[in-house]
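Q: Test case, fold it:
(chains A and B)
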Protein chains: 2
Amino acid sequence: MDPGETCPAQYEAAMDVIGKKWTGLILKPLMEGPRRFTEISSYVPRLSDRLLSQRLQELEGKDIVERRVYDERPVRVEYVLTDKGRDLRGVLEAIVMWADRWETADTPATATATSRKGA
Amino acid sequence: MDPGETCPAQYEAAMDVIGKKWTGLILKPLMEGPRRFTEISSYVPRLSDRLLSQRLQELEGKDIVERRVYDERPVRVEYVLTDKGRDLRGVLEAIVMWADRWETADTPATATATSRKGA
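A: Numbering: from 1, shown residues only, chains lettered A, B, ... in the order given. Below is the predicted model of the structure:
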């Protein structure tokens, strides 16, 4: 944590990987092993297929996820973490542990309004 | 890393703290102890005072940073991490270590264009 130890652009680039909405959740099942699109999708049910597809493409572009196509009938497609992607485990765990300790989830505005009304 | 172990909103809220541009750099000097505005500013020279002020206010609002005003002449103001803020050390270190290992800093578009021209 020395000044200048890490290039700011590196930190921002790391954030550009893990900071995007849904990315943390998408990476979770992939940490366990190769997953098909529908398997990831069922793990993150609120995420549309279109957006999941977009996120996976972005993660491929950043060398976090590899898309493997198996020449079978029907064709089988699996998503697998690269070494760089698997190495994110410690980062994600640190974030999850911190979030658990401090319960940083903001109460949605509507829920707050309702509880205020009830108080 | 079990499915459903952490609420997605918690992860997103954590990202909303550490994922914002400059926040990682602002937190670094504060990890060492209380700092005045100008001390943080000199650590992140490319950041405007206006934006630094805004980030510090956001971090105060999220209970990461505390603003202490000492009744002296001239008045002394210091920024100090809260317990919740200090507890981010592990998260930031994990990110920095990952970024160092994988050199995720993207080459700026202009530099790429130049190197292509030279090739």
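Q: Provide a list of residues in contact with residue A:59.
A: For residue A:59, the contact set (CB atoms under 8 Å, 6 or more residues apart in numbering or on different chains) comprises A:17, A:23, A:26-27, A:65, A:85. All C-beta spots, glycine's among them, are computed from the backbone N, C-alpha and C.
Q: Make JSON lines out of the residues you listed and add pLDDT, secondary structure and neighbour count.
A: Putting those into JSON lines (pLDDT from 0 to 100; DSSP: H, G, I helix; E, B strand; the rest coil; neighbours: other CB atoms under 10 Å in any protein chain shown) gives the following:
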{"residue": "A:17", "pLDDT": "89", "secondary structure": "helix", "neighbour count": "23"}
{"residue": "A:23", "pLDDT": "92", "secondary structure": "helix", "neighbour count": "21"}
{"residue": "A:26", "pLDDT": "94", "secondary structure": "helix", "neighbour count": "24"}
{"residue": "A:27", "pLDDT": "95", "secondary structure": "helix", "neighbour count": "24"}
{"residue": "A:65", "pLDDT": "98", "secondary structure": "strand", "neighbour count": "23"}
{"residue": "A:85", "pLDDT": "97", "secondary structure": "helix", "neighbour count": "22"}
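Q: So which of those residues is the closest to chain B?
A: residue A:17 (6.9 Å; CB to the nearest CB).
Q: Identify the residue nearest the closest one in space, chain neighbours excluded?
A: residue A:62 (5.5 Å; CB to CB, 6 or more residues apart in numbering or on different chains).
Q: How about residue A:19?
A: Per CB to CB, 6+ apart, closest to residue A:19 is residue B:19, 3.4 Å.
Q: tell me the SS of residue A:84?
A: helix (DSSP: H, G, I helix; E, B strand; the rest coil).
Q: ok, now residue A:68?
A: Assigned state for residue A:68: strand (three-state reduction, three-state DSSP).
Q: Contact partners for it?
A: By CB under 8 Å, 6+ apart, the neighbours of residue A:68 are A:34, A:77-80.
Q: from these, which would you call buried?
A: Buried by 16 or more other CB atoms under 10 Å in any protein chain shown: A:78-79, out of those.
Q: Going by distance to residue A:40, which of the contacts of residue A:68 wins?
A: residue A:79 (6.7 Å; CB to CB).
Q: Need the pLDDT of that closest one.
A: As summarised for this prediction, residue A:79 has a pLDDT of 98.
Q: That one sits in which helix or strand?
A: Taking DSSP states H and E as the definition, one finds residue A:79 inside strand A:76-81.
Q: can you tell me if that strand touches chain B.
A: No - Strand A:76-81 stays out of contact with chain B when judged by CB under 8 Å from any CB of the partner chain, the minimum separation being 12.5 Å.
Q: which residues touch that strand?
A: Residues from elsewhere that reach strand A:76-81, judged by CB under 8 Å, 6+ apart: A:27, A:30-31, A:33-37, A:40, A:56, A:64-70, A:88.
Q: How about stretch A:15-30?
A: Identification of contacts with stretch A:15-30 by CB under 8 Å, 6+ apart yields A:35, A:39-40, A:43-44, A:47, A:51-52, A:55-56, A:58-59, A:62, A:64-65, A:79-81, A:85, A:88, A:91-92, A:95-96, B:1, B:3, B:8, B:11-12, B:15, B:18-19, B:24, B:95, B:104.
Q: out of the residues you listed, which are inside helices?
A: A:39-40, A:43, A:51-52, A:55-56, A:58-59, A:85, A:91-92, A:95-96, B:8, B:11-12, B:15, B:18, B:24, B:95 (DSSP state H).
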